[in-house]
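> I'll drop the sequence and a predicted model, then ask my questions.
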Amino acid sequence: MRITCPICGERDMREFTYRGAALPTPPLEADVETWVDHVHLRENAAGVLRELWQHTMGCGAWLVVTRNTITHEILDVVLAEEAGIGIPVAEEQP
Amino acid sequence: MAELIAKSPCEGLLPFSTGSADLTELWPDHMTLIAPYKGKDIAAAAALKSAHGLDLPLPGQSSGDAEARVIWFSRGQSLLIGPKADASLEGAAAVTDLTDGWSVVELKGKGIADVLARLSPMDFRLSQFPTGKSARTELKHMMASITRTGDAAFQIMVFRSMAATLVHDLKTAMEAVAARG
Ligand SMILES: [Zn+2]
């Protein structure tokens, strides 16, 4: 399997570390059930999944990789910081 | 007060030669990480240019020569190798002294791309990895920085604590390539 890092280009899988499912982070004030679901519950579907991978042996960037777990096809790779899954930051008051 | 004698990371381990390829240690006077602050890439590049005459490298690139070189060192970071980093960089970038943190060796001669092919998943064929190109990649499970510094020369860096392993693995691969003739 090869992943195309948006910064480094196409690289061997050995350079990357799997970091879990790429799920949108709930708001910090969400209730405990929402957080339990976020941390522990997964669909585990066979097919297209969004996953977090880090280019640990390369540039260090965290990536959201869209991958088909049946065919191992890599469908999309973007920087995690551009994928909109982080903790929503409250707009600063002017 | 005892007189302390500095030892290089590969002290007593190098040089090594197979006859066709040579492995030597480089021991730069200074190595400094330059990490431009958010939105300060242009200011950091200008400071580096005016202080050291070097271009801040794009990802996967390097500039300069054996006296003063700057290599792309991972996301948002470059490494200045050779001169002491000028204080003027500090307004635009986080500047960190890494001189004692990394071991640096140079692999020169024939078959050096074949040597690296035994240790890393990266394509180091000279046609695919032109002079000046630099990559962070894996070298026998170590995080490495590898830069092509000449027609038949690569600079290879790993953490200083892994210097002996680096030399061992490179020697083994060099001997294996040389044995194939
Ligand atoms: Zn990368």
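It's in.

> what about residue B:99, neighbour count?
For residue B:99, the neighbour count with other C-beta atoms under 10 Å in any protein chain shown is 14. (Glycine included, C-beta is placed from N, CA and C.)

> meant to ask about residue B:46, not that
Neighbours of residue B:46 under the rule other C-beta under 10 Å: 14.

> Could you measure from the nearest residue to it once chain neighbours are set aside over to the ion?
Distances taken as C-beta to C-beta, 6 or more residues apart in numbering or on different chains place residue B:92 nearest to residue B:46, at 7.8 Å, with adjacent residues excluded. Distance of residue B:92 to the ion, computed by C-beta to the ion, to the nearest Å: 23 Å.

> check contacts around residue B:92.
By C-beta atoms under 8 Å, 6 or more residues apart in numbering or on different chains, the contact set of residue B:92 is B:36, B:37, B:40, B:43, B:44, B:46, B:47.

> Then residue A:65?
A:3, A:22, A:50, A:51, A:52, A:53, A:74, A:76, A:77.

> So among these, which ones count as buried?
The neighbour-count test (16 or more other C-beta atoms under 10 Å in any protein chain shown) marks A:3, A:22, A:50, A:52, A:53, A:74, A:77 as buried among the contacts of residue A:65.

> same for the helix or strand residue A:53 falls within, what does it pack against?
Following DSSP states H and E, one finds residue A:53 within strand A:48-54. In terms of contacts (3 or more C-beta pairs under 8 Å, 6 or more residues apart in numbering or on different chains; DSSP states H and E), strand A:48-54 is packed against strand A:17-21, strand A:62-68.

> 10 Å - rerun?
Applying 3 or more C-beta pairs under 10 Å, 6 or more residues apart in numbering or on different chains; DSSP states H and E, one finds that strand A:48-54 contacts strand A:17-21, strand A:62-68, strand A:74-79.

> for the second one, which positions count as buried?
In this case it means strand A:62-68. Buried residues in strand A:62-68 (16+ other C-beta under 10 Å): A:62, A:63, A:64, A:65, A:66, A:67.

> Quickly note the distance from residue B:176 to chain A.
Between residue B:176 and chain A the computed distance is 20 Å (C-beta to the nearest C-beta, to the nearest Å).

> Same question for the helix or strand containing that residue: list its buried residues.
In the assignment (DSSP H and E), residue B:176 maps to helix B:163-179. Across helix B:163-179, burial judged by 16+ other C-beta under 10 Å covers B:163, B:165, B:166, B:167, B:169, B:170, B:171, B:173, B:174, B:177, B:178.

> Quick check: the farthest pair among these?
Greatest spacing in these, by C-beta to C-beta: B:163 and B:178 (22.1 Å).

> ok, back up a step: among the contacts of residue A:65, which are in reach of the ion?
Counting by C-beta under 5 Å from the ion, the subset of the contacts of residue A:65 that neighbours the ion is empty.

> List just the nearest of these to the ion.
The ion lies nearest to residue A:3 out of these, by C-beta to the ion, at 8.9 Å.

> Could you confirm that closest one falls within a helix?
No. Checked against DSSP: H, G, I helix; E, B strand; the rest coil, residue A:3 lies outside a helix; its state is strand.

> can you pull the buried residues of the helix or strand harbouring residue B:95?
Element membership of residue B:95, judged by DSSP H and E, is strand B:93-97. Using 16+ other C-beta under 10 Å as the burial criterion, the residues of strand B:93-97 that qualify are B:93, B:95.
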